[in-house]
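Colleague: Structure of the sequence below:
(4 chains)
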Number of protein chains: 2
Amino acid sequence: MARAREAGRGGSASRGRKAPRSAQSKAERRSTILAAARDVFAKRGYHQATIDDIVAETGVARGTFYLYFEDKRAVFSDLMDRFFTTLTMAINRIDIAPSATPVADQARANIRAIIGMCLADRAMTKILLSDAQGVDPAFDRKLATFYDAVVQLLTDSLRDGQKLGIVADGEPRVMAYLTIGALKELLYQAVTLGLAEESADVLTQQVFEFVSQGYLRVHPREARPKKAR
Amino acid sequence: MARAREAGRGGSASRGRKAPRSAQSKAERRSTILAAARDVFAKRGYHQATIDDIVAETGVARGTFYLYFEDKRAVFSDLMDRFFTTLTMAINRIDIAPSATPVADQARANIRAIIGMCLADRAMTKILLSDAQGVDPAFDRKLATFYDAVVQLLTDSLRDGQKLGIVADGEPRVMAYLTIGALKELLYQAVTLGLAEESADVLTQQVFEFVSQGYLRVHPREARPKKAR
DNA sequence: ACGTCAACTGACGCCGGCGTCAGTGTACGG
DNA sequence: CCGTACACTGACGCCGGCGTCAGTTGACGT
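Modeller: Residues are numbered from 1 along each chain as shown, chains lettered A, B, ... in the order given. You can find the predicted model right below:
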């Protein structure tokens, strides 16, 4: 229904017209709404946010919103999809060919890229990390799919690393959860506390050191290679 | 209003009465509702859950719910408060006196205790880790206070550890975030995937190894004591 | 000058979920 | 056996927020 409507308009493109009353094109207006929605979600949280909040922030009437989106769910989904894509593209699968850049540098680069993206779009990061869960069952599934993909990628990399002897023994999936959880929390705090974008390198270093060596030095001269016990 | 009502009833205690129609005392019924609410929240998530879901699960009428709780917010808050208390009590401040149990063992015991509590009450763990954020502004503050306390405790411990030379250099607060984030994610996955309670020891060990040594072994024979760069 | 049409508007009606309260059932005291 | 008090009930009315649609605007073609 709303779908048919949208399709109908979409087909006409710009048949002869020039400036559509306001200074914004169709696509631009859509972006404006998206940006406003993003800010509202970041400020109030998904569930507290209303369509009225979004249109007020955008500066358009209620009805206009529905010319561009099905409902609140749809804007949210659109925003998240874009962010998922951005993040996914920021990650480079690690190349274990002997000729490639050292694995450590590749890993660090990935950490750095993720942190960079998240600090560059604080609002989206906050939304992803604090509102994405529990929007509705359908979206929960989509979110889970995204996380699963990330976890799987990291798990595979860790397994590769174990074969090469550059990753410690242990369940790779568990390590993946630990790593991603650590990163998520750090990013959430960084974004919430409004850390400057310049601190990306510092954070990257801290994360890298954490996954490399941990921090507890309880048995300073313990045998290194195998499990502690 | 509802407050005055509750106070009025609360004052009378059990003046002469014996068995109140059903097999449950006032306090028991309250617990029954709490348990039902917990299950509903765990299954549907806070925002999807309705009062009707809760009373249906409990097996009482809608009105009865309001004899025991102000509203959905209130049950949720009650549940979380109890869980906060449980978790807080599970943690023992680390004793750095030379005569005390080795720090490593104390740390491991704390990790173990937290994991144990969370695996023992999967529903509450899931709720804490996936629904507690974004309930409403007031509750968000309460949650933040709890997390801040945990973070602060760990941060202080890490700072102590640095003085003793058993914790690596670096920003202790960042380490605290990384650690708590890692643990949160692991617990969430463990609880969601329905891991058996027996795996608590295995998980504890993995977490402990992670914070002790990380897992990346990229420079197998690098100088150990100081920062990598 | 006028008709047309896409873009936009916002008042309106609807509905899910909430909180209430007049009524019911029953155990106990007299 | 009746009166009272209390736990409990669930139909009801209300409301915030949603999605719609009849109407307005103004650029453009003719």
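
Colleague: Burial check on whatever residue of chain A ends up closest to DNA strand C, number of neighbours?
Modeller: Going by Cβ to the nearest atom of the strand, DNA strand C is nearest to A:G63 of chain A, at 1.7 Å. No exception for glycine: its C-beta is placed from N, CA and C like everyone else's. If you count neighbours by other Cβ atoms under 10 Å in any protein chain shown, A:G63 ends up with 8.

Colleague: quick one, phi/psi of it?
Modeller: In terms of degrees, to the nearest 10, the main-chain angles of A:G63 are phi -60, psi -40.

Colleague: Give me the buried positions along the lengthiest helix in chain A.
Modeller: Counting by DSSP state H, the longest helix found in chain A is helix A:137-164. Buried residues in helix A:137-164, counted by 16 or more other Cβ atoms under 10 Å in any protein chain shown: A:139-140, A:143, A:146-147, A:150-151, A:153-155, A:157-158, A:161-162.

Colleague: Equivalent analysis for stretch A:46-57, please.
Modeller: For stretch A:46-57, by 16+ other Cβ under 10 Å, it's A:Y46, A:H47, A:Q48, A:A49, A:I51, A:D53, A:I54, A:V55, A:E57.

Colleague: Endpoint to endpoint, that stretch covers what distance?
Modeller: 15 Å (Cα to Cα, to the nearest Å).

Colleague: what's the next secondary structure element after the lowest-mean-pLDDT helix or strand in chain A?
Modeller: Least confident helix or strand of chain A, by mean pLDDT, DSSP states H and E, is helix A:2-12 with a mean of 37. Note on helix A:2-12: by DSSP states H and E, the next helix or strand toward the C-terminus is helix A:26-44.

Colleague: Determine if any part of that next one is in contact with chain B.
Modeller: No - using Cβ under 8 Å from any Cβ of the partner chain, helix A:26-44 never reaches chain B; the gap is at least 8.7 Å.

Colleague: chain center to that helix, what's the gap?
Modeller: A distance of 17 Å separates the centroid of the chain from that of helix A:26-44, by Cα atoms, centre = their mean, to the nearest Å.

Colleague: Report the angle between it and helix B:137-164.
Modeller: If you take axes from the mean of the first three to the mean of the last three Cα atoms, to 10 degrees, helix A:26-44 sits at 70 degrees to helix B:137-164.

Colleague: immediately after helix A:26-44, which helix or strand?
Modeller: Heading C-terminal from helix A:26-44, the first helix or strand you meet, by DSSP H and E, is helix A:51-58.

Colleague: What average pLDDT does that following helix get?
Modeller: Averaged over helix A:51-58, pLDDT sits at 98.

Colleague: quick revisit: among the buried residues of stretch A:46-57, which pair sits farthest apart?
Modeller: The most widely separated members of the buried residues of stretch A:46-57, counting by Cβ to Cβ, are A:H47 and A:V55 (17.6 Å).

Colleague: Can you pull the poorly scored residue ranges out of chain A?
Modeller: Residues of chain A that meet the criterion pLDDT under 70 lie in A:1-22, A:219-229.

Colleague: Test my guess that A:A42 contacts A:L129.
Modeller: No - judged on Cβ atoms under 8 Å, A:A42 makes no contact with A:L129 at a distance of 10.8 Å.

Colleague: coming back round to it: how near is the residue of chain A closest to DNA strand C to DNA strand D?
Modeller: Distance, A:G63 to DNA strand D, by Cβ to the nearest atom of the strand, to the nearest Å: 3 Å.

Colleague: any idea how far that residue lies from chain B?
Modeller: Distance from A:G63 to chain B, counting by Cβ to the nearest Cβ, to the nearest Å: 26 Å.

Colleague: how much distance is there from stretch A:121-134 to the middle of the chain?
Modeller: When C-alpha coordinates are averaged (Cα atoms, centre = their mean), stretch A:121-134 and its chain have centres 8 Å apart.

Colleague: er, stretch A:189-197 actually
Modeller: Stretch A:189-197 has its C-alpha centroid displaced from the chain centroid by 15 Å (Cα atoms, centre = their mean).

Colleague: same question, stretch A:24-31
Modeller: With Cα atoms, centre = their mean as the basis, stretch A:24-31 stands 24 Å off its chain's centre.

Colleague: then it to CSV, C-alphas only?
Modeller: C-alpha atoms of stretch A:24-31 as CSV (Å, rounded to 0.1, in the frame of the first residue of the first chain):
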residue,chain,number,x,y,z
GLN,A,24,15.9,20.4,-1.5
SER,A,25,15.6,17.5,-4.0
LYS,A,26,13.7,14.4,-3.1
ALA,A,27,16.8,12.5,-2.1
GLU,A,28,18.1,15.5,-0.1
ARG,A,29,14.9,15.8,1.9
ARG,A,30,15.1,12.1,2.6
SER,A,31,18.6,12.6,3.9
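
Colleague: Now do the buried residues in it.
Modeller: By neighbour count with 16+ other Cβ under 10 Å, stretch A:24-31 contains the buried residues A:R29, A:R30.

Colleague: Is DNA strand D within reach of it?
Modeller: No - contact check for stretch A:24-31 against DNA strand D, using Cβ under 7 Å from any atom of the strand: none in range, with a minimum separation of 11.8 Å.

Colleague: ok, is stretch A:183-198 in contact with chain B or not?
Modeller: Yes - against chain B, stretch A:183-198 shows contacts by Cβ under 8 Å from any Cβ at A:L183, A:K184, A:E185, A:L186, A:Y188, A:Q189.

Colleague: ok, the residue lying closest to A:A168 once chain neighbours are set aside - contacts?
Modeller: Leaving aside its sequence neighbours, A:A168 sits nearest to B:Y215 (Cβ to Cβ, 6 or more residues apart in numbering or on different chains; 4.2 Å). For B:Y215, the contacting residues are A:L158, A:V167, A:A168, A:G170, A:M175, A:V211, B:E209, by Cβ atoms under 8 Å, 6 or more residues apart in numbering or on different chains.

Colleague: Where do the domain boundaries of chain A fall?
Modeller: Under the assignment automatic domain parsing, the domains of chain A span A:2-70, A:76-213.

Colleague: May I have the distance across the longest one, first residue to last?
Modeller: When you say that, I think you mean domain A:76-213. Terminal residues of domain A:76-213 lie 38 Å apart, using Cα to Cα.

Colleague: Report all helices and strands that the helix or strand containing A:F76 contacts.
Modeller: For A:F76, the element it lies in under DSSP H and E is helix A:72-90. In terms of contacts (3 or more Cβ pairs under 8 Å, 6 or more residues apart in numbering or on different chains; DSSP states H and E), helix A:72-90 is packed against helix A:26-44, helix A:51-58, helix A:103-120, helix A:122-130, helix A:137-164.
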